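Could you look at this predicted model? Sequence included:
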Amino acid sequence: MRGYLANTDPDWFDFLAQRDDEEVNFWTPSARPFSALAEGEPLLFRLKAPRNKVGGFGIFQRYTELPGWLAWQTFGPANGAPSFDAMQARLGEIRRRNAIGGPTVIGCRLLAGPVFLPEEAWVPLPSDWRPQIVSGKGYDLSHGEGATLWRRVLEATMALRPALAAEGQPPRYGPAIPIRPRLGQAGFRVAVLDAYGRQCAVTTEHSLPVLEAAHIRPYAEGGNHQVSNGLLLRSDVHKLFDLGYVTVDPDHRFVVSQRLHNDYANGRTYYALHGQQLHLPPDPGQRPSTDALRWHRDARYLG
């Protein structure tokens with residue numbers, strides 16, 4: 001298993017250390033592809049000078065690229081800022097300092113189960129770390145400096161938060177193995193957005209401001225945050241889906257209830273889409289769950 005020791009903004013770290021988020025967005029001021037980690041591997045927080053320590057870690061879920069406004073809409077304060085204006089100000093400052101032009105699209109590294117260690121528990125940097133490193137450095141966590149670093153971070157974590165460490169972290173002195181993180185609400189939204197190619201499954205609308213990740217079976221009613229329990233829908237279609245005026249049949253065709261016309265004497269726009277095949281993710285494992293769709297037809301659809 002690999003880990004990635006990333007240079008970490010002190011304001012981002014200090015703000016999130018006061019919170020208890022299940023997911024956070026470790027963002028970069030420009031969209032640069034990130035392939036240093038696979039899902040379930042740790043990104044460790046290297047605190048910049050004068051601290052020069054390792055302050056914690058988070059489990060990497062996925063990388064995506066989002067406009068700044070959508071990153072805020074998705075993660076809110078879990079972006080490491082108290083408000084959208086504060087995030088925008090910080091982003092603008094970094095982009096100006098580094099002469100970054102073009103559209104404000106940021107790189108988003110989604111981290112689950114973040115651990116922010118208090119100062120007295122910070123871990124020394126590996127002996128091979130160099131101040132000239134700009135973004136970060138990858139480590140093999142199974143031997144050498146990487147293994148020592150990971151062991152120290154886990155020991156610090158377990159000493160402070162034994163219950164958290166016992167729930168999913170690797171054994172204290174055992175082999176380093178990836179941890180499969182559970183998607184939360186923010187991770188669900190991003191995963192569904194990317195799985196569907198950023199287009200509505202029904203209308204193929206591509207305008208990001210009106211696209212929403214819909215739960216087929218709501219989380220509050222026994223659903224989960226898996227992509228297979230989701231559909232990417234235009235906001236108006238999403239509302240109709242949640243209210244039961246539309247559903248999806250076993251063959252993944254869009255179905256519109258007669259109740260829409262009966263209740264509102266309208267709906268022509270949607271009846272024109274009745275029977276249309278959904279545009280689904282290319283990965284079969286990300287397509288709508290048969291059980292979730294059956295639940296929606298039985299428990300929510302108005303018929």
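Perfect, I can see it now.

which residue ranges form the strands in the protein?
Assigned strands in the chain, in chain order: 2-8, 23-28, 42-47, 53-67, 105-116, 123-124, 136-140, 211-215, 230-234, 246-248, 254-256 (criterion: DSSP state E).

Which of those strands sits closest to R151?
R151 sits nearest to strand 123-124 of all the strands of the chain, at 9.6 Å, using C-beta to C-beta. Using the backbone N, CA and C atoms, a C-beta is placed for each residue, glycine as well.

Would you check that V210 makes contact with R234?
Yes. Using C-beta atoms under 8 Å, V210 is in contact with R234, at 5.3 Å.

List the beta-bridge partners for the closest residue to R46 other than its chain neighbours.
Spatial nearest neighbour of R46, chain neighbours left out: L5 (5.0 Å); criterion: C-beta to C-beta, 6 or more residues apart in numbering. Note on L5: beta-bridge partners L44, K137, judged by DSSP bridges.

need the contact list for L5.
Neighbour list for L5: L44, R46, V54, L125, P126, W129, G136, K137, G138, Y139, L149 [criterion: C-beta atoms under 8 Å, 6 or more residues apart in numbering].

any idea how far L37 is from it?
From L5 across to L37, the span is 11 Å (C-beta to C-beta, to the nearest Å).

Need the residues touching each of those two.
Joint contacts of L5 and L37 (C-beta under 8 Å, 6+ apart) are G138.

Where does the prediction get shaky in this structure?
Residues of the chain meeting the criterion pLDDT under 70: 99-103, 161-181.

any idea what sits nearest P67, other than its immediate chain neighbours?
Using C-beta to C-beta, 6+ apart and skipping residues adjacent in sequence, the residue nearest P67 is V105, 5.7 Å away.

thinking again about what came up before, take the contacts of L5 and lay them out in TSV including neighbour count and distance to P288.
Shown next, in TSV, are these (neighbours: other C-beta atoms under 10 Å; distance: C-beta to C-beta, whole Å):
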residue	neighbour count	distance to P288
L44	25	36
R46	23	41
V54	25	41
L125	18	46
P126	19	45
W129	18	46
G136	19	37
K137	20	40
G138	14	36
Y139	26	39
L149	24	41
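
Show me how this protein divides into domains.
Following the assignment in automatic domain parsing, the chain carries domains at 2-168, 185-299.

Check which residues of stretch 229-249 are buried.
Going by neighbour count (16 or more other C-beta atoms under 10 Å), the buried part of stretch 229-249 is 229-234, 237-238, 240-242, 244-248.

What are the neighbouring residues in contact with the residue most central in space within the chain?
Central residue of the chain (C-alpha atoms, centre = their mean): G187, 2.8 Å from the mean position. Counting by C-beta under 8 Å, 6+ apart, G187 touches E23, Q61, R62, L110, A112, P181, H225.

same thing but 10 Å
Counting by C-beta atoms under 10 Å, 6 or more residues apart in numbering, G187 makes contact with 22-23, 25, 61-62, 64, 74-75, 110-112, 181, 225, 227.

would a markdown table of those with distance to A159 and neighbour count be doable?
Listed next are those as a markdown table, based on distance: C-beta to C-beta, whole Å; neighbours: other C-beta atoms under 10 Å:
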| residue | distance to A159 | neighbour count |
| --- | --- | --- |
| E22 | 22 | 16 |
| E23 | 24 | 24 |
| N25 | 27 | 28 |
| Q61 | 26 | 25 |
| R62 | 30 | 19 |
| T64 | 34 | 22 |
| T74 | 33 | 23 |
| F75 | 29 | 26 |
| L110 | 27 | 28 |
| L111 | 21 | 27 |
| A112 | 21 | 24 |
| P181 | 22 | 21 |
| H225 | 31 | 19 |
| V227 | 36 | 25 |
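
ok, those residues vs R198, which is closest?
T64 (9.9 Å).

ok, what's across the strand from the closest one?
Legend: beta-bridge partners of T64 under DSSP bridges are C108.

In contact with it: list those residues for me.
With C-beta under 10 Å, 6+ apart, T64 has these contacts: 25, 31, 34, 70-71, 74, 106-110, 187, 190-191, 193-194, 198.

and with 6 Å instead?
C108, V190, D194 (C-beta atoms under 6 Å, 6 or more residues apart in numbering).

Give me the distance between the last one and R90.
Going from D194 to R90 by C-beta to C-beta gives 25 Å.

Quote the end-to-end distance of stretch 273-290.
21 Å (C-alpha to C-alpha, to the nearest Å).

what's the answer for stretch 209-225, then?
End-to-end distance of stretch 209-225 (C-alpha to C-alpha): 21 Å.
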